[in-house]
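In: Pasting a predicted model and its sequence here:
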Amino acid sequence: MHIHLKALEAIFKTEHKLPLNVKVMIEGEEEVGSVSLWDFVAKNRQRLKADALVVSDTSMLAKGVPSITYGLRGLNYYEVEIIGPMQDLHSGAFGGAVPNPITILAEMIAKLHDKNFHVTVPGFYDDVAEISRVERKALNSLPWKEKEFRKTVGSPDLCGEKGYSITEQTWTRPTLELNGIWGGYMGEGSKTVIPSAAHAKFSTRLVPNQDTQKIAKLVERHVRKLLPKTVKCNFQVLSMGKPWVAPYQHPIFRTAIQALEQGFGKKAVFIREGGSIPLVTQIHDMFKVPCVLLGFGLPDENAHAPDEHLSLENYFDGIKSVALFYDQLARA
């Protein structure tokens, strides 16, 4: 956000006016599904109408590799509650004769993937758009280093869907990931209970051609089918966001690449990203305009963590690049 504001300020200070009309919209609900934004955009179509959308909420491929993202995965977010006894029970007096919601939830979760890390939800992959051989080759030829990825992750080893490279797994394939799990006694010391309920939050990242509504129904049906009749289940869909991919042959993308290369003094690349930005798909569907994702973060900047940060080098080069982009776009 600040990179764009400083770029506009720089243009004002040097040119005393903008070379083209810019509408700036800042929203802070992206991490909770952008609920308020949907109504705002729908009610302000004329006010927001433009020839293109520029968003800076993505990352660069690596340090020194300025990048434009042309594809995002969609996101469905779910919460499930498994209910057994009407209250927490003493595990000595009742253990062995009543259902344990935590055990049943863990068994259900374990069945959501097979040994090749495929999602086991029937129909989950039916509509997945396979990428072309040309695009697959281009993505796997990017200056991306597995060693740096492993260093950023920090786990003993990696895993993923068999038959696909890491970039394909994280950018072009759908996933199902557990995001949180809780239930029973979690305080200090011990308390021997069979919990009344257990809970989990999980999400599915979706790729082009997968329908968010259809996937939500398939996931809920599968979850309920995996559960025994000894428990009840409350299933909620907390948010949904569509996947997006753009034809980056549009002239505005070429202008953006030139501005990035001039601003950073380095060769720029086109990439896809595994994250989701609901605004992009909404604006793209509603206004039918190109969406350019100019990102300045780095993969190791701990996004979503307490110590998330931004490289000052990218901050200043980003300001130059955005100012050049607006200027060159006006000339084009």
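Out: That came in fine, so what should we check first?

In: so what does the helix or strand where Thr69 lies touch, helix or strand wise?
Out: Secondary structure assigned from DSSP states H and E places Thr69 in strand 67-72. If you count contacts as 3 or more C-beta pairs under 8 Å, 6 or more residues apart in numbering; DSSP states H and E, strand 67-72 packs onto strand 244-245, helix 251-264, strand 269-273, strand 291-295. C-beta coordinates here come from the backbone N, C-alpha and C atoms, glycine included.

In: Just name the most buried of those.
Out: Greatest average neighbour count among the helices and strands packed on strand 67-72 goes to strand 291-295 (a mean of 24), per mean count of other C-beta atoms under 10 Å.

In: can you list contacts of that strand?
Out: Contact with strand 291-295 is made by 52-60, 67-70, 72, 244, 246, 252-253, 256, 260, 273, 277, 280, 283-284, 318, 321-322, 325, as judged by C-beta atoms under 8 Å, 6 or more residues apart in numbering.

In: What of stretch 133-144?
Out: Against stretch 133-144 from outside (C-beta under 8 Å, 6+ apart): 61-62, 65, 131, 165, 167-168, 171-172, 269-272.

In: With distance to Met25 and pLDDT added, can I get those in CSV?
Out: Listed next are the contacts of stretch 133-144 as CSV, based on distance: C-beta to C-beta, whole Å; pLDDT from 0 to 100:
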residue, distance to Met25, pLDDT
Leu61, 27, 92
Ala62, 29, 90
Val65, 28, 94
Ile131, 31, 90
Ser165, 36, 93
Thr167, 31, 92
Glu168, 33, 93
Trp171, 26, 94
Thr172, 29, 95
Val269, 27, 94
Phe270, 25, 94
Ile271, 24, 94
Arg272, 24, 94
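
In: Relative to Ser34, which of the helices and strands packed on strand 67-72 is closest?
Out: strand 244-245 (13.9 Å; C-beta to C-beta).

In: what is the orientation angle of the longest helix that the chain contains with helix 251-264?
Out: When every helix of the chain is counted residue by residue (DSSP state H), the longest turns out to be helix 312-331. Inter-element angle recorded for helix 312-331 and helix 251-264: 140 degrees (by axes from the mean of the first three to the mean of the last three C-alpha atoms, to 10 degrees).

In: Show me how the record splits the protein into domains.
Out: Split into domains by automatic domain parsing, the chain comes to 2-72+245-331, 74-128+174-241.

In: Averaging pLDDT over each of these, report the lowest-scoring one.
Out: Mean pLDDT is lowest for domain 2-72+245-331 among those, at a mean of 91.

In: Adding distance to Asp157, write the domains of the chain out as CSV.
Out: CSV is the format used below for these (distance: least, C-beta to C-beta, whole Å):
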stretch, distance to Asp157
domain 2-72+245-331, 18
domain 74-128+174-241, 13
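
In: tell me the residue furthest from the middle of this protein?
Out: Centroid-distance maximum for the chain: Ala93 at 45.7 Å, with C-alpha atoms, centre = their mean.

In: And what about that residue, helix, strand or coil?
Out: What DSSP: H, G, I helix; E, B strand; the rest coil gives for Ala93 is helix.

In: give the contact list for Met108.
Out: Ile82, Val223, Leu226, Leu227.

In: Give me the distance from the helix or strand hosting the second one to the chain's centre.
Out: Right, Val223. Assigned by DSSP H and E, Val223 belongs to helix 212-226. Relative to its parent chain, helix 212-226 has a centroid offset of 20 Å by C-alpha atoms, centre = their mean, to the nearest Å.
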